[in-house]
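Undergrad: next come a sequence and a model predicted from it.
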Amino acid sequence: MVVLGIGNSLLGDDGAGLELLERLRAARPWSDAIQWVDGGTLGLALLGVVEARSAVLVLDAVQNGLTTGNGSCAS
């Protein structure tokens, strides 16, 4: 499994995925089967990291003007 943090810590709230990645990693001992990846702003360059994984957890945030917990997919 790979846990992938996405964002840019220099831009404040855009660094939420990276902050969560570090907090989760430090929270307790984890299995060696988990790969922790700081994906920063690499975008499509991260396809090689996730392509052969059986499970991927992506940590990211987006500012969409909605209240917390009310995210939606844009069409």
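TA: Cool, got the structure.
Undergrad: just give the nearest non-adjacent residue to V56, would you?
TA: Taking CB to CB, 6 or more residues apart in numbering as the measure, V56 lies nearest to V50, with 4.8 Å between them; neighbours along the chain are not counted. Every C-beta, even on glycine, is put in place using the N, C-alpha and C of the backbone.
Undergrad: start to end distance for stretch 39-59?
TA: Taking CA to CA, to the nearest Å, the span from the opening residue of stretch 39-59 to its closing residue is 10 Å.
Undergrad: residues making contact with it?
TA: Identification of contacts with stretch 39-59 by CB atoms under 8 Å, 6 or more residues apart in numbering yields 1-8, 16-18, 20-21, 24, 35, 37.
Undergrad: just stretch 6-25 next, same as before
TA: The set of residues external to stretch 6-25 that reach it, using CB under 8 Å, 6+ apart, is 3-5, 36-41, 58-61, 63.
Undergrad: buried ones in it?
TA: Of the residues in stretch 6-25, those buried under the neighbour-count criterion (16 or more other CB atoms under 10 Å) are I6, G7, D14, G15, A16, G17, L18, L20, L21, L24.
Undergrad: any chance of TSV for the contacts of stretch 6-25, columns pLDDT and distance to R28?
TA: Written out in TSV, the entries for those read as follows (pLDDT from 0 to 100; distance: CB to CB, whole Å):
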residue	pLDDT	distance to R28
V3	95	13
L4	94	19
G5	93	17
W36	96	13
V37	95	19
D38	93	19
G39	92	22
G40	88	24
T41	84	28
V58	92	21
L59	92	16
D60	88	22
A61	81	23
Q63	72	30
